[in-house]
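1. no sequence on this one, just coordinates:
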């Protein structure tokens, strides 16, 4: 009993030294930014478009969420944030931001200085998705909503959907910052364009970056999937559709095959001469199931092997074309420089890498194995 009394006194005294919550930000006193777009205005100004959430009446009480789209220009992203604060009744905060869109022109201007304000803010949304827009980001956010979905939620879900299908890498503000500072590793961001036929934005491939600059080169979704597999970055699902057969140009739909990639394994092999990288080979093994093959039900096992061999040949050619595009853009997406720095340091020259990478002898080798042909037997 005496021991229990002593413990009670100690616990009571310890409460006096506990700190309380000193930093709080009430939602009712803030205006939340759910999306932002940045565009090149002129040599001295940028334009930032904010999607500010109108909370209003809660949805549980029959209310409907909406966005207020505000566009302001300034000398820096922080300057535009200060200016937008002047036209809102409450203090603006980006702690709930889900999306950062970059206009095509501003993405070519070194995005590090654009993101500086986001990196420094302790409440910054480092997990917000980043994408490049074909045109101006302002025009994309001004769509306001697609159907019943607000544009910020639609765009965020669109990018996440491409990530899940291995059509775009998962790139957040934090990852963009990290890769832009890594000499031996470049990156790519989802490339978004407006599809006039359906009246909505779409993921139209990935935009290749060198350091913090958009190179102007875009890989279409099918090439983006193969590149991500070569980088060992398969997501939840990956599908590849390829034309096969000598007469595929005349066969319309009947000469195509689609495989669902069950698993993929990539490995890099390097050869050196005089402590310099002489050749790099990217090997990719794909094991998948046939999802569609209108030409035949694939009753014979030999036919399955023939299709796998032809897919291997065609995907190897496609993979080598992708490597050529990467080198033309000077985009070390596969992190070959990082491999050299980590495992072959004597062959690594940080100052010369930007000049050496485009001249490397890089080759790809893709091997496809078909595990199943579907429920048709």
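-> Good, I have the coordinates. Bear in mind that the values here come from a model prediction, so they are computed numbers and not experimental data.
2. Just give me the neighbour total for the residue lying closest to residue 216 once chain neighbours are set aside.
-> Using CB to CB, 6 or more residues apart in numbering and skipping the chain neighbours, the partner closest in space to residue 216 is residue 108 (6.8 Å). Any C-beta I mention is one placed from the backbone N, CA and C, and that applies to glycine too. Residue 108 has 17 neighbouring residues, counting by other CB atoms under 10 Å.
3. now do the one 3 residues further on
-> A count of nearby residues for residue 111, using other CB under 10 Å, gives 24.
4. rewinding a little: now the residue nearest to residue 216: how far from residue 210?
-> Here residue 108 is placed at a distance of 11 Å from residue 210 (CB to CB, to the nearest Å).
5. Over to residue 223?
-> Taking CB to CB, one finds residue 223 at 18 Å from residue 210.
6. what do you get for residue 101?
-> Distance from residue 101 to residue 210, by CB to CB: 20 Å.
7. between these two, who's got more neighbours?
-> residue 101 (30 against 19).
8. next one: stretch 197-204 to chain centre, how far?
-> Centre-to-centre, stretch 197-204 and its host chain are 17 Å apart (CA atoms, centre = their mean, to the nearest Å).
9. Please apply the same query to stretch 217-230.
-> 12 Å.
10. And for stretch 306-322?
-> For stretch 306-322, the distance to the chain centre is 25 Å (CA atoms, centre = their mean).
11. and if you look at stretch 98-112?
-> 13 Å.
12. First-to-last residue distance for it?
-> Stretch 98-112 has its terminal residues 19 Å apart, counting by CA to CA, to the nearest Å.
13. Would you mark the buried spots in it?
-> Neighbour-count burial for stretch 98-112, counted by 16 or more other CB atoms under 10 Å, picks out 98-104, 106-109, 111.
14. Out of those, which sit inside strands?
-> 99-103 (DSSP state E).
15. Tell me the one of those residues nearest residue 218?
-> Nearest to residue 218, judged by CB to CB, of those is residue 102 at 13.4 Å.
16. Which residue is the nearest non-sequential neighbour of the closest one?
-> Nearest residue to residue 102, sequence neighbours excluded (CB to CB, 6+ apart): residue 132, at 5.1 Å.
17. secondary structure element for residue 267?
-> strand 256-273 (DSSP states H and E).
18. Please apply the same query to residue 40.
-> Using DSSP H and E, residue 40 falls in strand 30-42.
19. If you average the pLDDT over whichever strand or helix holds residue 69, what comes out?
-> Here residue 69, judged by DSSP H and E, is contained in strand 66-74. For strand 66-74, mean pLDDT is 91.
20. strands paired with that strand, and their directions?
-> strand 45-54 (antiparallel) (DSSP bridges).
21. And whatever helix or strand residue 179 lives in, what does it pack against?
-> Element membership of residue 179 [criterion: DSSP H and E] is helix 173-180. The contact analysis (3 or more CB pairs under 8 Å, 6 or more residues apart in numbering; DSSP states H and E) places helix 173-180 against helix 112-120, strand 187-195.
22. Residue 50: what's its closest spatial neighbour, skipping adjacent residues?
-> residue 70 (4.9 Å).
23. now the helices: where do they sit in the protein?
-> Per DSSP state H, the chain has helices spanning 2-14, 77-85, 112-120, 137-141, 151-164, 173-180, 221-230, 301-328, 336-343, 353-356. These are given in chain order.
24. Going by mean pLDDT, which of those comes out lowest?
-> helix 2-14 (a mean of 69).
25. ok, the closest residue in space to residue 237 that isn't next to it in sequence - contacts?
-> Distances taken as CB to CB, 6+ apart put residue 165 closest to residue 237, at 5.4 Å, once the chain neighbours are dropped. Residues counted as contacts of residue 165 (CB atoms under 8 Å, 6 or more residues apart in numbering) are 225, 235-239.
26. Would you check that the residue nearest to residue 102 makes contact with residue 105?
-> No. Counting by CB atoms under 8 Å, residue 132 does not reach residue 105; the two are 10.3 Å apart.
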